[in-house]
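In: need a 3D model of the sequence below.
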Amino acid sequence: MKVGVLIELFKDTDIQEKFAELKAMGLDSCQLVCWNRERINSNDTAEAVNLAAKTYGIQITAFWCGWEGQRVWDFYEGQLTLGLIPTAYRAERLKMLMEGADFAKKIQVTNLVTHVGFMPENPYDPKYQEVLTACKAIVAKCKENGQNFLFETGQETPVTLKRAIQDIEEALGAGNVGVNLDPANLIMYGKANAVDALEIFGEYVMGVHGKDGMYPTDGHSLGKEVPLGQGKVNFPALIQKLKELGYDGDITIEREISGEKQKKDILMAKEILEKLI
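Out: Next comes the predicted model:
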């Protein structure tokens, strides 16, 4: 296992600077995230990313593909706006994920990650089958591209997530669908303890975020994201369990703030994680 960091792609001109800063922090891997459809469909952007990665020796372990349209990160409007759940957005978001898979191929990345949304726990809920159909389409696209499709954890229970993966595999015989484990999300959405969740879907983990958080304190808002080591994620137990499962990929630090405090917290997280690894 190695430690990396999540980097957001806003524009072509800042990727060199971000990779240079990453290298200066003693890191050489990242997950790249983008919510901008214009960037995702730009050959110039792909070329800029490839040049920066080559210049600084950065390995991009996954492309985290966002989607257009309204998004509200809470337990009420989030049910109606996030991922592939809302019918009004689903077709265009699925198309953007397909475009994201092609962008990932251009930058030589084999793991495509996204939030699918609040998948229903009840497999007989019509929304479950509708979203599963969309997921099968993007998984098939990734397979054509020689890629894996990874569900980012948090908005669905671990059992629902495993059921979805198994249903997709049963239908497609895919073998290229897995989990990007965000341990903080499982806690912040009140869905599971991350270490226990590995008992359910551990064999499917293909990526891990180094992020920490607190449980929700009301029924409307997510729990708070906090610096790694200050929340409810038991990182010593988590990393030990990942080792037992044979996970040898990266742990990618994610800190959802900006500025110097973000950099300070990333360096602190790097020190904690490297000692545990």
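In: all helices for the stretch 101-250 of the chain, in order.
Out: Assigned by DSSP state H, counting those that start in this stretch, the helices in the stretch 101-250 of the chain fall at 126-144, 158-172, 183-188, 194-201, 235-244.
In: out of those helices, which comes closest to residue 71?
Out: Closest to residue 71 of the helices of the stretch 101-250 of the chain is helix 183-188 (C-beta to C-beta; 14.7 Å). In this view, the C-beta of every residue, glycine as well, is placed from N, C-alpha and C.
In: just the residues contacting the closest one, thanks.
Out: By C-beta atoms under 8 Å, 6 or more residues apart in numbering, the surrounding residues in contact with helix 183-188 are 152-155, 158, 191-195, 197, 208-209, 211-216, 222-225, 231-233, 235, 238, 254.
In: ok, back up a step: and the helices of the stretch 101-250 of the chain, which is most packed in?
Out: Mean neighbour count (mean count of other C-beta atoms under 10 Å) peaks for helix 183-188 among those, with a mean of 26.
In: so for that one, mean pLDDT?
Out: The pLDDT scores in helix 183-188 average 98.
In: is it true that residue 59 touches residue 31?
Out: No - taking contacts as C-beta atoms under 8 Å, residue 59 lies outside contact range of residue 31: 10.3 Å.
In: of these two, who's got more company?
Out: Neighbour count, other C-beta atoms under 10 Å: between residue 59 and residue 31, residue 31 has more, with 25 against 13.
In: hang on, that one packs against residue 65?
Out: No - Residue 31 is beyond contact range of residue 65, at 10.8 Å (criterion: C-beta under 8 Å).
In: what sits in contact with each of the two?
Out: Residues within reach of residue 31 and of residue 65 at once, by C-beta under 8 Å, 6+ apart, are residue 113.
In: phi and psi next, for the residue in the chain sticking out farthest from the centre.
Out: Within the chain, residue 124 marks the point farthest from the mean C-alpha position, 26.5 Å out by C-alpha atoms, centre = their mean. Backbone torsions of residue 124, given as degrees, to the nearest 10, read phi -90, psi 0.
In: look up how far residue 116 lies from it.
Out: 18 Å (C-beta to C-beta, to the nearest Å).
In: do the same with residue 76
Out: Taking C-beta to C-beta, one finds residue 76 at 18 Å from residue 116.
In: more neighbours: those two, which one.
Out: More crowded of residue 76 and residue 116, by other C-beta under 10 Å: residue 116, with 23 against 11.
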